[in-house]
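**Student:** coords please:
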Amino acid sequence: MPRQRPQAGFTLIELMIVVAIVATLAAIAIPVYQTYVIRSQVTRAMDEASSAKLLVEDCITSGKVQLGSSRGQCDVSSLGVSDILLDQPQDGTSIPAGTGVPQLQLPQTAAGGGWIFVTLGNHASPLVTGGKITLTRDPNGSWTCKSDATIGTKYAPSNCQPG
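**Tutor:** Next up, the predicted model:
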């Protein structure tokens, strides 16, 4: 009886089954991961806008209702730059290219509200580029968040839905 060699590898059908399983998993996982990445970018933009709340609160309680770097004005130079927000000049000053900062709008009087706006762009996903997040402060000091239709309910955090 001739001696049989032991099998030294996978058969073609075994390899085809493994490839089919990996392809099926990739077809499911890649879109889910892309959605996760976009949601994290939107949440990051909202958090960066939220970091400006402290500045707005400080300016309003100090009676500074104009943006600028002069004495008696609300100085926005402490706002950090972002690689996912669009380039937006702050109170007429220029900022470096490729960076973005939240936009602020203070009330006309210290008793009023205030707004913080961000626009996604630069390195944000093309699916949400141009999307806007707005944080609004009412005269009582409460903040609300709204996103626009570009971001949509699929990518917006639950506390910042389109409206």
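**Student:** okay, buried residues for whichever strand or helix holds Tyr33 please.
**Tutor:** Using DSSP states H and E, Tyr33 falls within helix 12-50. By neighbour count on 16 or more other Cβ atoms under 10 Å, the buried set for helix 12-50 is 38-39, 41-42, 44-46, 48-50. (C-beta placed from N, C-alpha, C; glycine too.)
**Student:** now render the residues you listed as CSV, adding distance to Thr144.
**Tutor:** As requested, those are exported to CSV (distance: Cβ to Cβ, whole Å):
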residue, distance to Thr144
Ile38, 23
Arg39, 20
Gln41, 21
Val42, 17
Arg44, 19
Ala45, 16
Met46, 12
Glu48, 17
Ala49, 12
Ser50, 12
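**Student:** CA atoms only: put the helix or strand just after the helix holding Tyr33 into PDB for me.
**Tutor:** Counting by DSSP H and E, the next helix or strand C-terminal to helix 12-50 is helix 53-61. Extracted C-alpha coordinates of helix 53-61, given in PDB (Å, rounded to 0.1, in the frame of the first residue of the first chain):
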ATOM      1  CA  LYS A  53     -19.200  78.500  27.600                       C
ATOM      2  CA  LEU A  54     -16.900  79.400  30.500                       C
ATOM      3  CA  LEU A  55     -15.500  82.300  28.500                       C
ATOM      4  CA  VAL A  56     -19.000  83.500  27.600                       C
ATOM      5  CA  GLU A  57     -20.100  83.200  31.200                       C
ATOM      6  CA  ASP A  58     -17.100  85.100  32.500                       C
ATOM      7  CA  CYS A  59     -17.500  87.900  30.000                       C
ATOM      8  CA  ILE A  60     -21.200  88.300  30.700                       C
ATOM      9  CA  THR A  61     -20.800  88.300  34.400                       C
END
